[in-house]
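Visitor: A predicted structure for the sequence below; I have some questions about it.
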Amino acid sequence: MSSTTPLLIAERLCVRYRRGGRIINALDGVTFEIQSGETVGLVGESGSGKSTAAKAILGLAPVHAGSILFDGKDITHLSFKERRETYRQVQIVFQDPYSSLNPSRTIGDTLSEPLEAFGERDHKRKRDRVYEMLDRVHLPSTAVDRYPWQFSGGQRQRIAIARALMPSPRLVILDEAVSSLDLSIQAQVLNLLQELQVTSALSYLFISHDLGVVRHVCDRVVVLYRGRVMESGPALSVSGRDSAHPYTYTLNEAVPVPNPNAQRARRAAVGVPLTSLPDDTTKIRDQQCIFAPRCHWNQPQCWRERPLLRPAYPNGLVACHRYPEWRSEIARPEPHDAIADNGAQVIRN
Amino acid sequence: MGSTVVRKSRTDASEASSSSRRWIAFLPMALVIVVGFLPACGGGGGSTSKVGSTLTIAEPLSPPSLDPATGANENSDYFNLAYDPLIILQPDGTFKPGLALKWTYATGNKSFSIMLRPGVKFSDGDVLDAAAVKGWIQHALALPGGRASTYFSSLTSIDVAGPLALTLNFSSPTPLLELAFSQLLEMGMVGGPKAVAANSLATDTDGAGPYMLDKASSVPGDTYTFVPNPNYWNKGGVYWKKVVLKTITNPNTTLDALRTGQVQVAVGQPVTSVDSAKAGGLKYVAPLTLLMGLSLNDRSGTLAKPLGDVRIRQAINYAIDRGAVAKLIGAGYGRSTAQMAIHGDDSYDPALDNRYPHDVAKAKQLLSAAGYPNGFTLAIDSANVVGEDTLGQALAGQLADVGIKVQLDVKNDVGAYFQSFGKYPAATLAFGRLPAAIDYQILYGPNASLFNPFKSTNADLSRLYDQLLAAPPDQATSIARQMQQIVVEEAWFAPVVASPLVDLYRSEIAGVTSTDFRVQEYTTEIRPAG
Amino acid sequence: MSILTDQIAIGPATHSYESARSLIRSPVAIAAITFLGVVTLVCISAPVTAPYDPLHQDLERVLSSPTAHNLLGTDTLGRDVLSRLFYGGRRSLLSVLEGVVVVVALGVPMGLAAGYAGGWVDRGLNKFAETIMAVPALIIVLVVLAVLPQNEDAAMISFGLLGIPAILRVVRSATLRVREDLYVAAARISGLSHLQIVKRHIFPRVWGPVIVQASLFAAYALLFETGIAYLGLTADPSTPTWGGMVAEASTVIQRQAWLLVPSGTVIASTILAFGLLGDALRDAVVRGEGGSINRVPRSVVTARDRDADTAEPMNGRSGLVLRARNLSVSTMRSGAEIPIVDGVSFDVYAGETLGIIGESGCGKSVTALAVLRSLPQGLRAIAGRVYWQGDDLLSMTERSFDGLRGSSLAYVSQEPQSSLDPTFTVGNQLVELIRHHQRVSRRKARSSAIALLRQVELQNPDQVARAYAHELSGGMAQRVAIAFALAGRPKLLIADEPTTALDVTVQAEILGLLRRLQRETGMALILITHNWGVIADICDRAVVMYAGQIVEKSGIQEMFDRPLHPYTLGLLNSHPSLAEPGSRLSSIPGNVPSPGSWAPGCRFAPRCRFVAEECVKTPIPLIDIGPGHASRCVRVDQIFAKASA
Amino acid sequence: MFVPESPALLRIVGNRLLLSVPLLLVVSTLTFLLEALIPGDVARTIVGPQGTQEQYLQLKHSLGLDQPLLTRYQQWLESVVRGDFGTSLFNHEPVAVLLSGRLSVTLSLVVGSTLVAAIVGLLIGIAGALRSDIAGTAVDALSMFGLAIPNFFLGLILIALFAVAIPLFPATGYVPFDESPLDWARSLVLPVALATPGIAVVAKQTRDSMRVILERPFIRTLRAAGVPRRSIIFKHALRSAAAPVVTVLGLIFVASLGGTVVVESVFAMPGLGGLAVQATTQHDLPLIQGVAVYFTALVVVVNLLIDLAYGWLDPGVRIE
């Protein structure tokens, strides 16, 4: 990764929504960077704020505090005209292929729309650009006059990607872009994204709840939990066995491995109480580790003081008071019949 | 036409008179003529007959007030049941004693004395005496919007000569007082002093009539229930245990109510209901109540220059095919007429009937003579009540044949029709049948503020009117006829048809009588048949 | 993937653009449009077509019945009814047009603004609509007609104003629905201004409901015009109107009942035409939105063609719970019978979990629903048998199958929140279920409901019992759904993608719960998923489905160690967790074929890199290769001898 | 098991009542101003044609019609706030008495026809949703046919058949309930039969929303869990489908409030509708104001009932 100034810097980003009289902190001091040409993964469960981060970058979310710098320029609060300029540079691909294309407009119209919006009037140039983009996403040029309903989920997602690339952006946000695709189609789209990254020098912000895909696609990963960054660092270390934050460890362990015996063995070894997300009525004070209520290794300090991001391993940051000592306390499994599940999981709501 | 819009069925002064400061003692003359001229008809029934349980009468509209002092005779049914008048007008036009036993005019009709019937009580128990009658007349005069001021405009004083005797003194001769004190003009329907003092007569009754209002089982504006008056002086005159007056504005609904027996009598119904009623086995009485036609108001040509020329007005009369329109409007029960009177009215002159035969050529010739060979445009004010709009459309069709293009402006609300009466050169008219003296006051005299908005005057007419007031009864008729001749000759109107307002009743009912001399039925006479 | 996506993969989802074409095909709409067209044409050309001048009176022929001279008879002034109908139409249709134009011109923009802008604009416009709704329309119209007597235009315009709330609400809800679609956000991010977005993306999807409302409003407007004419409020003699004619006819109903017929029928049929047009449009628009119109999902088992399926007795390992043999399901599309599930056979044993894995459109969910006899409308189980303790579930009577629902077979679906009735509390529904299965008192049922909720590891069962579906988190809702399934103590639980919609930590807990419940109750479990991790975590045996067929059946570990079908091998190789991070994933080329376009021979042949000509000629059977392992591939020996596992 | 969250319901009621105050003000001001523009006035109507100009001016003054508009409105407002609706200019009866006397008629008609529309409409709608296409199209045909015939047209036919030809029901008039419940019911049968358009609309809405609900996933879950079909349709599905039907019922109630004027005219029943028409043509301002306020109050009450029904039917609904 080049050490030049990062393409995008999010600095202590706070986003606050008001719903039915209660204030909800969707993002609470989120900081991360994206180098140009790099793929940064944003991982977390539902309600972690990963989509809100995407919206904040695109100016579709009420940023309460903190800033977003793109190529050195502050794009946090912009007028619509200035915002259009950033849309030339930053684009997005959504999750649901069936809802991201207007069913009553042809593919040609949908693809040429961004060009028209950015002032391209010449019909021929528009047509050529559309044909070229269709070819780059491996779709036949005859697609121009057809309607979204005539395509499968995978093909529609390719069209959405083509639309995102029309204004030749430098950063593309992939908000769960492959989550609703079947395995074989997902693989095709992931390969396409890798190919496009090289040919168009793109940087990706890859948002997903699927750790397996993130580990495969991303260079660096940022783990979010209820609006706060828990850990960020190279993909292999964050998603490996030696992750620095208890939550990352819990996530890694919870994902079932596609191999029965390995999965059975892991289940026996984990020994870590998995507690699902408590309902959000429990009061979270600002000055505390937000994961404390679910953390198996929490100490009184975790409830009094909010841990700040600090270096954990090369290029890695962690927000946890008890790193690295919590790792030594992971209970080793008693020798058990590997087959019979030892019910180590103490399941609490 | 059968709309629910309030319809003044008996509009335009069927029997009322309008105020006039110069009311000169004429009344007795007209009265005598009427009496003398008529063949004596069978006397009114006083015989006691079977007492029915409930009589329900369908009325076309509900009364603004129940107080007879208002003189609003289009709501007479509501007054007749609770108030006996001082003098009762019989079907043959003669008078018989009501609450008053005797009454006499002094010389020159400048004073009128009354002798009351003894032992008469109001429904609240008070005794009827001269003081009560005096208080009643003063109440009528003080009532805002009441018509008493037209009948007693020159009343100077009322002397109470005894417990049952009083005399009214006038500054100028005031004929027709019997008519005023009869059930026709309601002035004689005396109300109890306590109620007069409490000013409750608008919404309740306290009279010396056969029935009294049962407020509890009445719905104001829709159903008025009357029960027998315990203190009534003439027990024999009570024919029903209960009388209900029900407002039904829709003629079709009225017919259905009659057929199913929910209602026994329906008054003021449009003539178009007669055929269906007869088909349904119902009986009817179709008196010619309304004189309908055009009132050519702008006789001086201020708004519509052509109307200023008498030849144009005559041309209009010639252009109308009265027979055809009469058949249409009167539905076979009307009678075409060329004058503003009908057999039975004092100013009716048979000779005038065919003054204006239907003669399109003559009309065109008169039009070109007056300088309008190809006609002109004429705006006509009208209202969709009692068929005036149908009449207007029919006449428009006929006048078009002679080149007169009619702009008929139909108002759906009678108030608006009267309001704009003066803004149109002509208007469709449905006017009651009145003695000539009252016609002069209300219809075409200089002081007829409503129906003569352009104040057209005629010297001969005024001269004849003065003579009429002063003339003895036997000469009054010939004077009245001369007045009618002038009006017809000057073509101030284009009368077309005398159309009936029909009373329908079931076969088990009797007493619904109407004659040319007393057009309106007298509610208290209605009794079970046989 | 869930049943919905299966269905979408089956038939292309139509959309409102297509609704215009589907509208043309509906006979009702055609009839309505032609009628309205004819009426409008005739009225406009009244001066030419009408036999007489509408105002010409003929006092000789008053209220005549139909004669050669006057085809439809005459009115109270002897005027020709037929010509008055033509001329009257001009005024009445103009009035209707005025009303519709006012209501659309004002209502639609307001609806768009309220739906798109939201916030205070939305609240303000809603309050405005509520005020108009509350104003006594009758009084306003009467007063307006009193101020401007005989003025039908004023009456229709005020009627139009009073109609705004209805169309405003419809347009607002349509806009809200469209605004949620992501392509609106995408358009915003493509740099379009709000106005462009509304014009280009929102309005095209909203004109459908607008037309429906406009045509229904036209029907009401004509009714209104007739009403005010009947009340005599617009009796303008110079211009005949349909309403006026009916009003006039109703006054002489006793004398000439015929007069009511011509104007009455014209008005009634025009209103009918407007109404039917509106309805036909609404059905077309709804069909256009992909929401298919079908009825109660009654399990449809028609007389199945008894093909020569192998009537195998229920032998095999002890504890066999369910045996499906040659199960086939098909749908009718434009006349042709399209197979979706084609000859699926499998066994399920007590205490065992059978995994069914496959991508969207492979028919896995349809198979489950066929077993449960709750196929959606339009799908029919056309062949095969499903043995349950010796009886064939498919040919059982509805009444006897009802006996099994919940007590023998149970079902858990993918969307936890929407699988609970939103209008009843969890406890209420659970008590109803328990009392249905166990015929116990309400008090007893309530305590066993709490016990059930505790059995699915819910911390505070009393609070959950009082809660409604929308108040539960995803994990809690799925636990409640499982409690529902257990209420009848079933022997077989069919779970269709139970954890797909859940977070990974919650998924781990639910899978743990299912394992524990299976251990405690010994019930059999069929788990349908597209996630290989979930299969590895919980299943004992698994079948892989592709294009309506089972392509491989094997014990769970062997499935991963030694996949014996190119499709299974391809899937496992393209799984990111099994690949080298950052490397190019080996992906299976092409797309999953949709039903009806399956290849005759091996259905995977078009995408298989080991294809040979013997693969494409004849349908490939499921061949046993060793104990409990079978594959539908003729070249198993050649392929898997060489290729590394 | 069901525990209504009381604060939410209070909030709903509070909101609705709060909204009604400005509403009543707006309506009364609107009718007052519009009324003032009307040519002609009540004095002219009472005095009638025979009345001379002097008598007309005398009455006009005594009724206070010659005062400036604003003072008359202000006087009316002050008296209304004290609950005194003033007296009718036309027949001197207190407006409150006039209105309350007729309220029972209009309520019987409107509530009657709405109830009939609800019950019959629901049954037909459910049948249409469950049965095959034939019943479905039957519902459509009925609904369109119901709407197509103007109600007075239908009224005249009903009277001709069931009151005159076969004297089953009274052709006209209204019998108060306390007088005799049987006659009250008989006198309402034909007028309420004019509720057919209401039945049609409810049937259509029920059919449409039932079909949508029956496709929802929770129906399949309940079905698979063994809940009998009858309970699924009449307990679960109907309850969810009820909310849009309730909205339609609210619309029908408000629409039939307007519609009663024709029904009251055809059946000669002393209701608020007829009174409204009469008052307007007689320019009886206090009476018009009174009717306007009564109508608006009725509409506010109905909207309140709908909100409460929403709260009860679909607890998920959060009323903003």
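Guide: Yes, it's here.
Visitor: so where's the stretch 1-150 of chain C uncertain?
Guide: Residues of the stretch 1-150 of chain C meeting the criterion pLDDT under 70: C:1-25.
Visitor: closest point of chain B to chain A, which residue?
Guide: At 49.6 Å from chain A, B:N412 is the closest residue in chain B, using Cβ to the nearest Cβ. For glycine as for every other residue, the C-beta is placed from the backbone atoms N, C-alpha and C.
Visitor: can you list the residues of chain B near chain C?
Guide: Contact residues (Cβ under 8 Å from any Cβ of the partner chain) of chain B with chain C: B:1-5, B:251-252, B:255, B:272-273, B:275-276, B:279, B:321, B:324-325, B:327-328, B:384, B:389-390, B:392-394, B:396-397, B:408, B:410-413, B:416.
Visitor: in ChimeraX, select just the buried ones from these.
Guide: A single ChimeraX command selects the buried members of the residues of chain B next to chain C (16 or more other Cβ atoms under 10 Å in any protein chain shown):
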select /B:1,2,3,4,5,251,252,255,272,273,276,321,324,325,327,328,384,389,390,392,393,394,396,397,408,410,411,412,413,416
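Visitor: please enumerate the strands of the stretch 301-450 of chain B.
Guide: Using DSSP state E, counting those that start in this stretch, the strands of the stretch 301-450 of chain B run over residues B:335-336, B:377-383, B:405-411, B:426-431.
Visitor: tell me where chain A has helices.
Guide: A:50-57, A:80-89, A:107-117, A:123-136, A:153-165, A:183-199, A:211-217, A:235-239, A:246-254, A:260-270, A:300-304, A:325-328 (DSSP state H).
Visitor: which one of those helices has the poorest average confidence?
Guide: Sorting the helices of chain A by mean pLDDT places helix A:260-270 lowest, at a mean of 81.
Visitor: that one: which residues count as buried?
Guide: A:260, A:263-264, A:266-270.
Visitor: related to what we said a few turns ago, packed most tightly, which of the strands of the stretch 301-450 of chain B would that be?
Guide: strand B:426-431 (a mean of 26; mean count of other Cβ atoms under 10 Å in any protein chain shown).
Visitor: quick one, that one and strand B:405-411 angle?
Guide: 50 degrees (axes from the mean of the first three to the mean of the last three Cα atoms, to 10 degrees).
Visitor: strand B:426-431 vs chain D: in contact?
Guide: No. Against chain D, strand B:426-431 shows no contacts by Cβ under 8 Å from any Cβ, the least distance being 8.5 Å.
Visitor: partner strands of that strand, with direction?
Guide: Paired strands of strand B:426-431, with direction, are strand B:290-295 (antiparallel), strand B:377-383 (parallel) (DSSP bridges).
Visitor: dump these to CSV, plus mean pLDDT.
Guide: Output for those, formatted as CSV (pLDDT from 0 to 100):
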stretch, mean pLDDT
strand B:290-295, 90
strand B:377-383, 90
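Visitor: hmm, back to that, separation between the residue of chain B closest to chain A and B:L155?
Guide: 40 Å (Cβ to Cβ, to the nearest Å).
Visitor: check B:A480 too.
Guide: Taken as Cβ to Cβ, the span from B:A480 to B:L155 is 25 Å.
Visitor: who's more crowded, these two?
Guide: Applying other Cβ atoms under 10 Å in any protein chain shown to B:A480 and B:L155 shows that B:A480 carries more neighbours, namely 27 against 18.
Visitor: any low-confidence regions in the stretch 151-300 of chain D?
Guide: For the stretch 151-300 of chain D (pLDDT under 70), the answer is none.
Visitor: out of the strands paired with strand B:426-431, nearest to A:P62?
Guide: Closest approach to A:P62 among the strands paired with strand B:426-431 (Cβ to Cβ): strand B:377-383, 65.6 Å.
Visitor: report the beta-bridge partners for the residue sitting nearest the centre point of chain A.
Guide: Nearest to the geometric centre of chain A sits A:I207, at 1.8 Å (Cα atoms, centre = their mean). Judged by DSSP bridges, the bridge partners of A:I207 are A:L42, A:D175.
Visitor: so what's residue 163 closest to, chain neighbours aside?
Guide: As the question left the chain open, I've gone with chain A. Excluding the flanking residues, the one nearest A:R163 by Cβ to Cβ, 6 or more residues apart in numbering or on different chains is A:L111, at 5.6 Å.
Visitor: the intended chain is chain C.
Guide: C:V103 (4.2 Å).
Visitor: and residue 300, how many neighbours?
Guide: Just so you know, I chose chain A. Counted by other Cβ under 10 Å, the residues lying close to A:P300 total 8.
Visitor: could you do chain D instead?
Guide: 19.
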